[in-house]
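In: When you get a sec, could you give me coordinates for this:
(one chain, ligands or ions: 2)
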Amino acid sequence: MRTLAARLEGIRPTIFAEMSAIANRAGALNLGQGFPDGDGPATVVERARRALAEGENQYAPGRGRPDLITAIAEHQQTRYGLAYDPADQIVVTTGATEAIAAAVLALVDPGDEVIVVEPYYDSYAAVIQMAGGIRRPVTLRWPDFRLDLAAMRAAVSDRTVMILLNSPHNPTGAVFGDDELAGIAAIAREHDLIVVSDEVYEHLVYDGPAHRPPATFPGMAERTLTISSVGKSWSFTGWKVGWACGPSSLVSAVLAAKQWLTFTSAGPLQSAVAMALREHGDWPVALRDSLRDRRDLLCEGLSRIGIPTNTPAGTYFALSDISGLGWPDSYAFCRRLPELAGVAAIPVGVFYDDIEAGRHLVRWAFCKETAVLVEALQRLERADLRFRD
Ligand code: PMP
Ligand code: GLN
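Out: Numbering: from 1, shown residues only. Ligands and ions are numbered 1, 2, ... in the order given. Now for the predicted structure:
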């Protein structure tokens with residue numbers, strides 16, 4: 001009996017589940033998986049509760065509920081000046097994850113190449129493989145993680161169909177600047193490529209200019225699918241409500257795949273998400289400001305105890321270089337860390353094809369209560385983190 005189709009062979013189980021399971025077994029503080037300790041606005045939760053209690057419990061339309069689609073259109077227009085027609089340029093999905101998967105399944109044929117920026121979010125590698133595509137990574141390197149546009153240009157071949165982007169970037173925390181985005185846009189235009197832009201951290205930018213969607217660059221709106229979700233910006237990661245916006249041809253492609261994956265997404269949550277976007281537009285700003293303090297606490301704390309750590313411009317993740325501790329790689333380190341220190345983190349090497357570029361990097365999530373971060377730092381300071389068998 002066959003137990004796994006070739007399209008899934010060799011894809012490792014998601015590192016987030018693996019590290020959370022180790023953290024739970026050890027009773028460790030989980031600075032691994034990126035979910036916040038606190039929930040989003042209480043009135044939004046109340047709106048969802050009402051929807052459940054008062055009968056919004058049947059299928060939503062495949063594209064999404066009209067109130068949410070309109071709220072997404074308003075969000076893109078008021079924040080970024082991007083105009084999307086609610087009739088056919090927006091689709092609601094089961095998290096950004098489904099939007100990304102549906103986009104890749106709908107637009108990538110076997111043998112097609114997709115450019116990704118590594119370290120890449122793990123679902124990208126999985127869905128590209130499921131589509132029969134080939135990923136072509138462009139490498140970001142510690143400590144500044146600047147995008148090498150020449151390397152991106154060199155990664156394009158006559159099989160390339162798509163650039164799959166993520167800025168603010170998980171796991172490095174890098175936020176691509178106008179120069180990098182303009183360079184990517186030039187490459188996409190020149191080679192007539194689709195850009196799929198994963199912007200789930202769009203509101204979590206601490207330093208420098210605010211997030212700018214690639215779709216705002218000249219000639220890009222007509223070739224860019226812009227993807228986001230309510231998870232990170234409004235602290236509802238468990239709701240799994242996301243969206244994709246773009247030209248109707250690309251949105252129709254996403255819908256063509258999505259209708260056979262989930263058909264429709266989380267009916268009773270959609271009006272609540274519309275409320276979050278419309279009535280709590282400033283909520284992510286307050287979240288960002290409180291996260292900035294927590295970022296500084298964690299990054300300064302780690303550096304103080306001798307673990308070199310970057311200060312990310314965006315997202316809620318910071319990276320450390322653990323090469324001074326003598327471990328063969330960060331995966332070995334992260335597997336033992338919960339037991340050694342009572343803290344969990346994510347090994348970044350699993351997001352790189354270039355093994356050496358990521359071997360020494362560890363990711364910490366700082367979207368946790370301040371007291372949890374303080375306690376984690378104390379535990380890390382007390383523990384002996386040097387390599388042992
Ligand atoms: N892309 C990136 C870069 C992420 O970090 C995450 C995790 N939130 C996702 C996509 C998935 O988002 P969602 O939970 O909305 O599916
Ligand atoms: N996006 C979250 C992270 O990067 C985790 C999502 C997941 O567990 N798949 O940590």
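In: Which stretches in this structure count as helices?
Out: Per DSSP state H, the chain has helices spanning 15-26, 42-53, 66-80, 95-107, 122-130, 149-155, 178-191, 230-233, 248-261, 267-279, 283-304, 330-341, 355-358, 370-382. These are given in chain order.
In: right, so of the ones you listed, which gets closest to residue 348?
Out: Distances from residue 348 to each of these were compared using C-beta to C-beta; the shortest belongs to helix 355-358, at 4.9 Å. Every residue, glycine included, has its C-beta placed from N, CA and C.
In: Can you give the distance of the closest one from its chain's centre?
Out: Helix 355-358 has its average C-alpha position 20 Å from the chain's average C-alpha position, going by C-alpha atoms, centre = their mean, to the nearest Å.
In: Was I right to think residue 37 contacts residue 372?
Out: Yes. Applying C-beta atoms under 8 Å, one finds residue 37 in contact with residue 372, separated by 6.5 Å.
In: the more surrounded of those two?
Out: Using other C-beta atoms under 10 Å as the criterion, residue 37 and residue 372 rank with residue 372 on top: 17 against 13.
In: ok, now which ones touch that one?
Out: Contacts of residue 372 were listed using C-beta atoms under 8 Å, 6 or more residues apart in numbering, and they are 29, 37.
In: now it: how far from residue 10?
Out: Per C-beta to C-beta, to the nearest Å, residue 372 is found 35 Å from residue 10.
In: swap in residue 345?
Out: As for residue 345, its distance to residue 10 is 25 Å (criterion: C-beta to C-beta).
In: again with residue 376
Out: 34 Å.
In: what do you get for residue 319?
Out: In this view, residue 319 and residue 10 are 26 Å apart by C-beta to C-beta.
In: what does the stretch 51-200 of the chain put close to ligand 2?
Out: By C-beta under 6 Å from any ligand atom, the part of the stretch 51-200 of the chain that sits against ligand 2 consists of residue 170.
In: Recalculate using a threshold of 8 Å.
Out: Residues of the stretch 51-200 of the chain lying close to ligand 2 (C-beta under 8 Å from any ligand atom) are 97, 121-123, 170-171, 200.
In: Any chance of CSV for those residues, columns pLDDT?
Out: CSV is the format used below for these (pLDDT from 0 to 100):
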residue, pLDDT
97, 98
121, 97
122, 95
123, 97
170, 98
171, 98
200, 98
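In: Selection in PyMOL covering whichever of those residues are buried, please.
Out: Those of these that count as buried under 16 or more other C-beta atoms under 10 Å are selected in PyMOL with:
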select buried, resi 97+121+122+123+170+171+200
